[in-house]
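Peer 1: What shape does this take:
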Amino acid sequence: MKKGVLALVFFLYYLTAVAQVNAFGLLYGQGRGEGDPFTKRYIITSVYPGSPAARAGIMVGDEIVSVNGTTVLNKTTQEVRNLFAPERAEIKILRNNEEYIGTFEKADLDIDTTFLADVDQLTKQADSNFILVKGPEREEALVYDSKIQLTPGYRTVLKKHLMFKQYDLFGLLYSGDSRREAEKVYSKYEKQLSYYWGSRAYSQKYRSNDDTTFLQQTYFSKKLLNGFETYRTTLAAYISQQTHQYEVALVIEGGPKPVCTFVKPDTAKTARDFRETVQYLLLSFNNNKAVENIAGEVLPNDSTSYQSKYCFNHATSCYLLNDTYEQANDTIHNQRKYHFSAEYKWLNAKQADSLFNGLYTAISNSLNGGYVRYEKAGELAQLLNKKNVVFALDRDHLMPSKEHAISLFLDDNKNNDYTVRIEIE
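Peer 2: Predicted structure coming up:
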């Protein structure tokens, strides 16, 4: 069976705010068949672990055919919701062109419906910069209360970026001196968010638990057919640099973000040595061997950064730079990493545009089908860069501002002086 899901409309068909919710433990979204855009279908997007639906063998991606003998084709979402109202359901699903029937009854599940309903409202507000949930300004500069508070006793605020019109929502879920309790809270909310996002998201988890570092993060990004929605969600557990306590927080990025398109390489149109250089640099970073493979002479003004042993033809300079950046609203964790930088300086406008377009094509042709590309949007890019294109691995494309693989910049230095720059992280 071929299915082309054109839209996944998320809804919570349970709204009772109790610690234990009586439910089947499944979520579904609306889609349309490939070559059949006029038929509404319903696809399972998430199954709660250990729920009646999970025990009955229902799986993400199954197409719902009928519920208690009533077909769901072309039903409205409210009509389908009503079919799941009884305590017992016999659901017929279609999987790999074969029909299966599962019968199950509702059970008490530890689904935090209040939290998920709040997250649902907030993610829907992300594209519009949380305008409808923005509350009064706090004493802190450019920080506003959110009208939706995720967790009683802890603040949920909107933080504004200094250089462009975008707010990020920061919801504190735990703060205390117990690492064990922080891990427990993190696991609880990770389970809830994984259920909420289901098949609509790519997720990536990072964990560091050595003696000096405590950091756990899971990134979620809503997925479209050939790209990603315009907001990202991060769940993080960390030691706060401000309070020195263990904290768990949820961050939802707001404001307009770019939608990705997949790279379609044509290696026959790009020089072999350029492709091999790009692939070697990427491999070095992916294997955590950037210093070992790329570092040349130490830079005189920075003992932890280097000249690069590898460069591109006609580049003015190539470096391996030691970079420290902060994650998740500047309070979670400092992580040191390296990035490769190649610059082409002192160009006029015509030279810069020609070089940028040539490198754009060459980089695209040096990658593979697993990459996506997008042009950065927002006021910051317009202020600092004439052009900015990012190439990222499809499976890692979750927080593209920090997790991208290759960036290509065209910087306008004014007075007809331009720089074209390649960065690889």
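Peer 1: partners of the helix or strand where Tyr374 lies, with directions?
Peer 2: For Tyr374, the host element (DSSP states H and E) is strand 371-375. The pairing partners recorded for strand 371-375 under DSSP bridges are strand 261-262 (antiparallel), strand 387-393 (antiparallel).
Peer 1: Name the next helix or strand following the helix or strand of the chain at the bottom of the mean pLDDT ranking along the chain.
Peer 2: Counting by mean pLDDT, DSSP states H and E, the chain has its least confident helix or strand at helix 400-403, which shows a mean of 47. Counting by DSSP H and E, the next helix or strand C-terminal to helix 400-403 is strand 406-412.
Peer 1: Show me what the following helix or strand past that following strand packs onto, helices and strands only.
Peer 2: Following strand 406-412 in sequence order, the next helix or strand is strand 418-424 (DSSP H and E). Secondary-structure packing of strand 418-424 (3 or more CB pairs under 8 Å, 6 or more residues apart in numbering; DSSP states H and E): helix 272-286, strand 333-347, helix 349-366, strand 406-412. Bear in mind the C-beta positions are built from the backbone N, C-alpha and C, glycine included.
Peer 1: model confidence over the last one, on average?
Peer 2: For strand 406-412, the mean pLDDT works out to 88.
Peer 1: what's in contact with the helix or strand Ala89 falls within?
Peer 2: Per DSSP H and E, Ala89 falls inside strand 88-95. Strand 88-95 has contacts (CB atoms under 8 Å, 6 or more residues apart in numbering) with 1, 24, 44, 56, 58-59, 61-69, 83, 99-106.
Peer 1: strands paired with it, and their directions?
Peer 2: strand 63-67 (antiparallel), strand 98-105 (antiparallel).
Peer 1: Mind listing what's buried along that strand?
Peer 2: For strand 88-95, a neighbour-count test (16 or more other CB atoms under 10 Å) marks Ala89, Ile91, Lys92, Ile93, Leu94 as buried.
Peer 1: show me what contacts the residue nearest to the fourth one when sequence neighbours are not counted?
Peer 2: Leaving aside its sequence neighbours, Ile93 sits nearest to Asp62 (CB to CB, 6 or more residues apart in numbering; 4.0 Å). By CB under 8 Å, 6+ apart, the contact set of Asp62 is Ile43, Ile44, Ile93, Leu94, Arg95, Tyr100.
Peer 1: Look up how far Leu116 lies from Asp62.
Peer 2: 21 Å (CB to CB, to the nearest Å).
Peer 1: Equivalent analysis for Arg275, please.
Peer 2: In terms of CB to CB, Arg275 sits 46 Å off from Leu116.
Peer 1: Asp323: helix or strand, and which one exactly?
Peer 2: strand 317-327.
Peer 1: Quick check: closest non-adjacent residue to His297.
Peer 2: Residue 297: Glu, not His. Per CB to CB, 6+ apart, closest to Glu297 is Gln307, 4.7 Å.
Peer 1: Am I right that that neighbour is in contact with Pro300?
Peer 2: No - at 10.2 Å, Gln307 and Pro300 do not qualify as touching, with contact defined as CB atoms under 8 Å.
Peer 1: Could you check which of the two has the larger neighbour count?
Peer 2: Applying other CB atoms under 10 Å to Gln307 and Pro300 shows that Gln307 carries more neighbours, namely 15 against 6.
Peer 1: and that one, that's in a strand?
Peer 2: Yes - the assignment for Gln307 (DSSP: H, G, I helix; E, B strand; the rest coil) places it in a strand.
Peer 1: And the pLDDT for it?
Peer 2: At Gln307, pLDDT is 94.
Peer 1: picking that back up, redo the contacts of Asp62 as a markdown table? Include distance to Tyr154 and pLDDT.
Peer 2: Output for these, formatted as a markdown table (distance: CB to CB, whole Å; pLDDT from 0 to 100):
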| residue | distance to Tyr154 | pLDDT |
| --- | --- | --- |
| Ile43 | 35 | 92 |
| Ile44 | 33 | 93 |
| Ile93 | 40 | 95 |
| Leu94 | 44 | 93 |
| Arg95 | 42 | 93 |
| Tyr100 | 43 | 94 |
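Peer 1: low-confidence ranges in the protein?
Peer 2: The model of the chain has pLDDT under 70 over residues 1-20, 32-38, 162-165, 209-213, 223-231, 256-259, 324-336, 369, 376-385, 394-404.
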